[in-house]
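*Asks:* output the structure for:
(2 chains)
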Amino acid sequence: MLKKMLGLVVSMMVVGLMAGSSFAAPPIKIGALFSVSGPASFLGEPERNTAEMMVDEINKAGGIKGRKLELIVYDTQADATKAVQAANKLIKDDKVVAIIGPSTTGDTMAIIPVVEKAEIPLVSCAAGIKITDPVKKWVFKTAQNDALAVARIFDYLKKQKIAKIAILTVSDGFGSSGREQLVAQAGKFGIQIISDETYGPKDTDMTAQLTKIRSGGAQAVVCWGTNPGPAVVARNVQQLGIKLPLYMSHGVSSLKFIDLAGPAAEGIILPSGRVVVANHLPKNDPQKKALLNYVDNYKKHYKVEGDHFGGHAYDAIMLIKGAIERGGDSPAAIRDQLEKTSKFAGIGGTFSYSSQDHAGLTSDAFVLVQIKNKGWTLLK
Amino acid sequence: MLQLFLKNGLVAKTTMTKEKREIIIFLIFTLAVLITPFFLRGSYFLNVLVFIGINTMLAVALNLLLGYAGQISLGHAAFFGLGAYVSGVLTTRFGLDPWLALVIAAAVSGVLAFIIGFPILKLKGHYLAMATLGFGIIMFIIFNETVAVTGGPSGLSGIPNIQISSLIFDNDWSNYYLIWTITLLVMLLSINLSQSRIGRALRAIADSEVAARVMGVNARLLKVQIFTVSAVISAMAGSLYAHTMTFISPASFGFNFSIELVTMVIIGGLGSIYGSFLGAAILTILPEFLRILQDFDIIVYGLMLIIMTMYLPGGLISGLEQIAGFIGSKIKSRGGSHA
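*Replies:* Predicted structure coming up:
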């Protein structure tokens, strides 16, 4: 009986294997891992949409040197176990030459040992600093470091002569990484953190933390989180009549945040990739062409605005495309060429990788924007 | 007198054959486990089988509690996580040997289970479910919020692989044998336990705690003891998981996973060790096929649970036994007609 059972399991495996390897011939296979569902779907969904759109586009234009691209996407659900299984499947069954994603720092850290052992280049779409610091031979990333966003805000605060701030961060991967950077960099800019509060990712009321912050004597509030938490913070700040200027992270630089927060969003300042202000950029901005192209394309395909999360996937695909064009389609060649990428103007910024730097961006990857009249304005 | 003797002898004989059957089944299962990788060289499925091994350990652990003693736990992922985190933190921050870390992880988990077991297991039914659920959530919050120790939501990386002198368990092939060796030992231990006096006492508690106590079973202590054994096995699985993955993050040890474990046990078959394997295997493989459904995969699990409890309350293993019994009787009757 048990033998039969095992026989069944084994035959299921064999069927699965055969189904996986029925396309043997020409296309160049690229794997993608995104958290399309689960708590980080706000990252994974635009990333998957963008990656699929870009691959279609490339194939319509004749592929890379006449060869089509094939994108194989798996959902990680922001779960490390699933990410590792999916990465193994991409490498061993699908035999991809490179992987883009995952969307979150946790998933990325989980699959790094897998790609390193298999020697497959990985272009992550997550922001965590530890992904590329220390530099790992096979691992690159496209999302801007949180450190750059924090530096951008602190730089502005310093110019505004604000020295005492309160921080309110969410207790998930994004928030804890942001909090780490806020605390680490404050001293360098002569800024003092007076209150250091956190909230849970599913909290629906932050008045308790904000009341505490109000009585703390801070001159500004910096909130670090992704939708919907920060929208609640913005509304609570308005309800409590707190007059302090409110700063947010790049985690909310999408129109969805303005929708969620309503009138409470007005006046909030945040660092963002250039994608939301593509129209306002000066003509000589190197990224402008790519940005406008991406925004138009995304709107045409999916009827919603493209955001900078999707941009991470755009950059990852284009970087790999560039590497294959220059060097060929073996994993080792792709890796070597990725490292030689110089001044590629993408969505997240202008990328230049080197053997010491696999993050590739400088602090000008972020601009500061302010929300005015339900839209974005570029802050100088 | 003679009649009684004969009857006893007969009973002894049937239990002998039952024991023998049990041993043969286990040997066949072990053999199947040992040779399977040779058909899967270099395949990704070997990696899935490693996770099936870990999940089998967890399902067996929960089955001892849920299937045999009839005590529900909706927080078993917490013990799994505790094992993973104790092992991960001890090896990355204090440079301990993974084997030693595994033993400490199991011990910590066991002690914790023993301490909280006394108050928690006094509760029954929904209240027990609520208490264990609460315990699971508390542990999840601890994993998530103690950023300085656990690395918080973005996880703990750089956990070393298990090593025996020069043999490092850093690929699917070696991990498969490491994990399945321990899984088989856990299964053997659990089968033994379930057939022993303790196993019978546990089943008595599950049927009626009052009756069991009247018969002289120390129900309170026994429940805590089996809870502890279950936690120790779960923590061992957690430790092995950490050293196999070399990375852990709190999302893997949340409420959802606790529910998944309960689903494994119920779908496989309450009170059946092989059923736990079956449940673990199905719930580990199924996501591969349900990927296209994305968030809706949870509906499939729900439906499976409803259908199982309505039409096959003994789980898939009892379904298989029924089929096997049916075929067996067909063959026998045909054999009979020939003779």
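*Asks:* how about stretch A:247-259 as CSV, C-alpha atoms only?
*Replies:* In CSV, the C-alpha atoms belonging to stretch A:247-259 read as follows (Å, rounded to 0.1, in the frame of the first residue of the first chain):
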residue,chain,number,x,y,z
TYR,A,247,7.7,63.3,6.3
MET,A,248,7.2,59.9,4.8
SER,A,249,9.4,57.2,3.1
HIS,A,250,9.6,56.2,-0.5
GLY,A,251,7.4,53.2,0.6
VAL,A,252,4.3,55.4,-0.1
SER,A,253,5.3,57.1,-3.3
SER,A,254,2.3,55.8,-5.3
LEU,A,255,-1.0,57.5,-6.1
LYS,A,256,-2.7,54.9,-3.9
PHE,A,257,-1.3,56.6,-0.8
ILE,A,258,-2.9,59.9,-1.9
ASP,A,259,-6.2,58.1,-2.4
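*Asks:* quick one, domains of chain A?
*Replies:* Residue ranges for the domains of chain A, per automatic domain parsing: A:27-144+A:293-362, A:146-272.
*Asks:* does any bit of the first one sit next to chain B?
*Replies:* Right, the one you point to is domain A:27-144+A:293-362. Yes. Legend: contact between domain A:27-144+A:293-362 and chain B by CB under 8 Å from any CB of the partner chain is shown at A:36-39, A:41, A:74-75, A:78-82, A:84-85, A:88-89, A:91-93, A:104-106, A:109-110, A:112-113, A:117, A:128, A:130. For the C-beta atoms, the positions are set from N, CA and C on the backbone; glycine is no exception.
*Asks:* cool, the shortest one as well?
*Replies:* Yes. For a cut-off given as CB under 8 Å from any CB, domain A:146-272 has contacts with chain B, namely A:171, A:172, A:173, A:175, A:176, A:177, A:180.
*Asks:* which one of those residues is nearest to residue A:309?
*Replies:* Proximity of the residues of domain A:146-272 next to chain B to residue A:309 (CB to CB) peaks at residue A:173, which lies at 14.2 Å.
*Asks:* mind checking which of the domains of chain A is nearest residue B:42?
*Replies:* Residue B:42 lies closest, by CB to CB, to one member of these: domain A:27-144+A:293-362, at 6.6 Å.
*Asks:* need the distance between the two termini of the closest one.
*Replies:* End-to-end distance for domain A:27-144+A:293-362, by CA to CA, to the nearest Å: 35 Å.
*Asks:* just the strands from chain A, written as ranges.
*Replies:* For chain A, the strands defined by DSSP state E occupy A:28-34, A:69-75, A:98-100, A:122-124, A:139-141, A:164-170, A:192-199, A:220-224, A:246-247, A:269-272, A:344-345, A:350-351, A:367-372, A:375-379.
*Asks:* for the ones you listed, give me TSV that also has mean pLDDT.
*Replies:* Conversion of the strands of chain A to TSV gives the following (pLDDT from 0 to 100):
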stretch	mean pLDDT
strand A:28-34	95
strand A:69-75	93
strand A:98-100	96
strand A:122-124	97
strand A:139-141	95
strand A:164-170	94
strand A:192-199	94
strand A:220-224	95
strand A:246-247	96
strand A:269-272	93
strand A:344-345	92
strand A:350-351	93
strand A:367-372	93
strand A:375-379	90
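*Asks:* drop anything exposed from the residues of domain A:27-144+A:293-362 next to chain B.
*Replies:* Buried by 16 or more other CB atoms under 10 Å in any protein chain shown: A:36-39, A:41, A:74-75, A:78-82, A:84-85, A:88-89, A:91-93, A:104-106, A:109-110, A:112-113, A:128, A:130, out of those.
*Asks:* mind checking what secondary structure the residue nearest to residue B:250 when sequence neighbours are not counted has?
*Replies:* Closest residue to residue B:250 apart from its sequence neighbours, by CB to CB, 6 or more residues apart in numbering or on different chains: residue B:143 at 4.1 Å. Three-state call for residue B:143 (DSSP: H, G, I helix; E, B strand; the rest coil): helix.
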